[in-house]
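Engineer: Got a sequence here, can you build the structure:
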Amino acid sequence: MRDILTSTALRDFLTSLANGDLNIATEFVWLVIATALSMVGGAIGGMLLAGKDIGYQFSAMLGALFAPAGVIPAILLGLTVLNLLTNY
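Structural biologist: Model (predicted):
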């Protein structure tokens with residue numbers, strides 16, 4: 001475990017992630033983080049909107065499943081635009 005935490009590859013990756021450098025690895029990490037946050041937000045929104053009507057657990061599950069459907073394309077488009085803008 002110490003070798004993983006002290007490896008130069010992980011240190012370089014975390015440095016590029018903290019600096020805001022956009023490469024394929026950091027874009028994938030940001031995509032995963034944004035998808036997880038959108039699932040949490042969708043579950044909360046589903047519970048607020050339809051919790052009393054169809055049940056809190058079912059509405060949270062539906063909200064968590066449908067929220068990334070709108071968020072993932074927007075994230076990919078935004079990361080692509082940011083990547084293109086950093087090249088110019």
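Engineer: Helix or strand for the most centrally placed residue in the chain, just tell me which one.
Structural biologist: Geometric centre of the chain, nearest residue: Ala34, 1.7 Å, by Cα atoms, centre = their mean. Element membership for Ala34 (DSSP states H and E) is helix 24-54.
Engineer: in that helix, what counts as buried?
Structural biologist: By neighbour count on 16 or more other Cβ atoms under 10 Å, the buried set for helix 24-54 is 26-27, 30, 34, 38-39, 42-43, 45-47, 50-51. C-beta coordinates here come from the backbone N, C-alpha and C atoms, glycine included.
Engineer: Spatially nearest residue to the spatially most distant residue from the centre of the chain, not counting backbone neighbours?
Structural biologist: Here the chain reaches farthest from its C-alpha mean at Asp53, the gap being 29.2 Å by Cα atoms, centre = their mean. Of all residues not flanking Asp53 in the chain, Ser59 sits nearest, at 7.6 Å (Cβ to Cβ, 6 or more residues apart in numbering).
Engineer: helices or strands next to the helix or strand the one you found falls within in the packing?
Structural biologist: When elements are assigned from DSSP H and E, Ser59 belongs to helix 56-87. Helix 56-87 sits against helix 24-54, with contacts defined as 3 or more Cβ pairs under 8 Å, 6 or more residues apart in numbering; DSSP states H and E.
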